[in-house]
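*Asks:* Based on what follows, work out the 3D shape:
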Amino acid sequence: MPGPFSHLRVIDLSRILAAPLAAQNLADLGAEVIKIEKPGVGDDTRAFGPPWMKDAEGRDTRESAYFLAGNRNKKSVTVDIATAQGQRIVRELAARSDVLIENYKVGNLRRFGLSYEDLVPLNPRLIYCSVTGFGQDGPYAERPGYDFVFQGMGGMMSVTGERDDRPGGGPQKVGIPIVDYLTGLNASIALCAAIAHRERTGEGQYIDCALLDMAVAVNATQAISFLCSGEQPRRLGNAHPQVVPYEVFATADGHMILAVANDGQFRRFCRAAGREALADDPRFATNSSRVVHRESLLPIVREIMATRSRREWQVLLESADVACGPINDFRDVFDDPQVRHRGLRVDVPHALGSAPLVASPLRLSATPVDYRSAPPLLGQHTEEVLRGLLGMGADEVQALRQAGVV
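*Replies:* I've put the predicted structure just below:
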């Protein structure tokens, strides 16, 4: 069954992670995605290594693991957009496409005649998505910015990390580029909405996605708590600001997560632990009271959790329908029976071997995600696209290569 976007062609003029992820999501859903890369260099993340993908003999290639994360199901076409001929190629591709995604600094593509205003006369149905650090307007619009910067600016690092009064306390970033990932998802949602609008009206439109916007929005629970109370949320390590007990606890042989999300679960936890009277204590009977009396309850829970092993607690709490779980490294993750069952690792044939990828979390019954191709080699599809889509002859393509345009 063809994907829901198999009728769409996307021009991906983006690099790094957030915008390429948005393009990859459309590609996973069937769109033809043509990734435009600088000749000889390509996406910045092609150089983000080691680690590198291994070839069939287990040797390092020069395909970075980072690049593999956001570029499957795409075609790579090398074009130097700083040249007049390169700009003409991109304009011709945009005239034949449905979506264009880019993440250049504000105003940069206008210098090359490739802004939304430049391209929409050629293709009024074009959906043009710009992903930038600060958005297209405002006092910071022209600043560069990366995920780490926005984890700090958006408030995330003010509530992430160990408590300030404990060893290792202080601001801490999330261990993955979370703002990039979420901005890519946000752009994907906006693109889906724009595609639906165009299919009803025939109108394309412009999409302005900013990492700062996403960095603030993702903190909604903490941010709105501040707006309601006027009190600054504080770092609590692994604890939850509004739910107790909901954090990491040491067992007899290591650490695990206990996530008691409601009063019924707390009573079942107490019953399983042989301490049912705790659930009747007025200080702990409701979640609100447990939050207020956090410092009284947590030492008791720590003492209880230290009496059994992780495996014993896992079996006991699962049987009591109390949420809990291990703290896995990535070897544990991909060995986990549920992860294996869900097929969250996929291995896709690659020109240099086999590319190990993380599966899309999208599960559609009628139009499932299709892993048609591995992330491409730099310029792997240049000839195919220029000759097949734009109708260039072999001599013309060769002349462009010799001139360094492609």
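
*Asks:* Please point out which parts of stretch 337-353 sit buried.
*Replies:* By 16 or more other CB atoms under 10 Å, the buried positions in stretch 337-353 come out as Leu344, Val348, His350, Leu352, Gly353. For every residue, glycine as well, the C-beta is placed using N, CA and C.

*Asks:* Most widely separated two among those?
*Replies:* Spatially, the most separated pair among the buried residues of stretch 337-353 is Leu344 and Leu352, at 23.3 Å (CB to CB).

*Asks:* same question for the biggest helix by length in the chain, mean pLDDT?
*Replies:* For the chain, the longest helix by residue count, based on DSSP state H, is helix 178-201. The average pLDDT within helix 178-201 is 98.

*Asks:* can you dump the C-alpha coordinates of it into PDB?
*Replies:* Provided in PDB are the C-alpha atoms of helix 178-201 (Å, rounded to 0.1, in the frame of the first residue of the first chain):
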ATOM      1  CA  ILE A 178      15.400  17.200  22.600                       C
ATOM      2  CA  VAL A 179      14.500  20.700  21.300                       C
ATOM      3  CA  ASP A 180      15.700  19.700  17.800                       C
ATOM      4  CA  TYR A 181      13.600  16.500  17.900                       C
ATOM      5  CA  LEU A 182      10.500  18.300  19.100                       C
ATOM      6  CA  THR A 183      10.900  21.100  16.600                       C
ATOM      7  CA  GLY A 184      11.100  18.500  13.900                       C
ATOM      8  CA  LEU A 185       7.900  16.900  15.100                       C
ATOM      9  CA  ASN A 186       6.200  20.300  15.400                       C
ATOM     10  CA  ALA A 187       7.200  21.200  11.800                       C
ATOM     11  CA  SER A 188       5.900  17.800  10.700                       C
ATOM     12  CA  ILE A 189       2.500  18.600  12.300                       C
ATOM     13  CA  ALA A 190       2.400  22.000  10.700                       C
ATOM     14  CA  LEU A 191       3.300  20.500   7.300                       C
ATOM     15  CA  CYS A 192       0.500  17.900   7.700                       C
ATOM     16  CA  ALA A 193      -2.000  20.700   8.400                       C
ATOM     17  CA  ALA A 194      -0.800  22.700   5.400                       C
ATOM     18  CA  ILE A 195      -1.000  19.700   3.200                       C
ATOM     19  CA  ALA A 196      -4.600  19.100   4.400                       C
ATOM     20  CA  HIS A 197      -5.500  22.800   3.800                       C
ATOM     21  CA  ARG A 198      -4.000  22.700   0.300                       C
ATOM     22  CA  GLU A 199      -5.900  19.600  -0.600                       C
ATOM     23  CA  ARG A 200      -9.200  21.400   0.300                       C
ATOM     24  CA  THR A 201      -8.400  24.800  -1.200                       C
END
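
*Asks:* What separation is there between the closest residue to Pro20 other than its chain neighbours and Ala279?
*Replies:* Closest residue to Pro20 apart from its sequence neighbours, by CB to CB, 6 or more residues apart in numbering: Gly70 at 4.0 Å. Distance, Gly70 to Ala279, by CB to CB, to the nearest Å: 47 Å.

*Asks:* of these two, who's got more company?
*Replies:* Gly70 (26 against 16; other CB atoms under 10 Å).

*Asks:* Quick one: residues contacting the residue nearest in space to the middle of the chain.
*Replies:* Centroid-nearest residue in the chain: Tyr181, 2.1 Å away (criterion: CA atoms, centre = their mean). Residues near Tyr181 by CB atoms under 8 Å, 6 or more residues apart in numbering: Leu17, Ala18, Leu21.

*Asks:* I'd say the last one and Asn71 touch.
*Replies:* No: under the contact definition of CB atoms under 8 Å, Leu21 does not touch Asn71, with a separation of 9.1 Å.

*Asks:* gap between stretch 386-405 and the chain center?
*Replies:* Put simply, stretch 386-405 sits 35 Å off its chain's centre (CA atoms, centre = their mean, to the nearest Å).

*Asks:* Residues in contact with it: which ones?
*Replies:* So stretch 386-405 is contacted by 39, 77, 79-80, 83, 85-86, 89, 92-93, 96, 382-383, 406 (CB under 8 Å, 6+ apart).

*Asks:* Of all pairs in those residues, which one is the farthest apart?
*Replies:* Across these (CB to CB), the longest gap, 21.4 Å, separates Pro39 and Arg96.

*Asks:* Would you mind telling me which of those two has the busier surroundings?
*Replies:* Pro39 (19 against 14).

*Asks:* got the phi/psi numbers for that one?
*Replies:* phi -60, psi 140 (degrees, to the nearest 10).

*Asks:* and if you look at the one 10 residues further on?
*Replies:* The main-chain torsion angles of Gly49 are listed as degrees, to the nearest 10 and equal phi -150, psi 170.

*Asks:* thought it was touching Thr61?
*Replies:* No: taking contacts as CB under 8 Å, Gly49 lies outside contact range of Thr61: 9.4 Å.

*Asks:* Show me whatever sits in contact with both of those two.
*Replies:* With CB under 8 Å, 6+ apart, Gly49 and Thr61 have no common neighbours.

*Asks:* that older thread, what about burial for the contacts of stretch 386-405, which qualify?
*Replies:* Buried among the contacts of stretch 386-405 by 16+ other CB under 10 Å: 39, 77, 79-80, 83, 85-86, 89, 92-93, 382-383, 406.

*Asks:* What residues sit buried inside stretch 105-118?
*Replies:* Val106, Leu109, Phe112, Leu114, Ser115, Tyr116, Asp118.

*Asks:* same check, this time on stretch 394-406
*Replies:* Val397, Leu400, Arg401, Val405, Val406.

*Asks:* which SS class is Met256?
*Replies:* With DSSP: H, G, I helix; E, B strand; the rest coil as the basis, Met256 sits in strand.

*Asks:* how about the helices in the stretch 101-250 of the chain?
*Replies:* 116-119, 147-153, 178-201, 211-217, 220-229 (DSSP state H, counting those that start in this stretch).

*Asks:* now the stretch 301-406 of the chain
*Replies:* 310-319, 330-335, 337-342, 382-388, 394-402.
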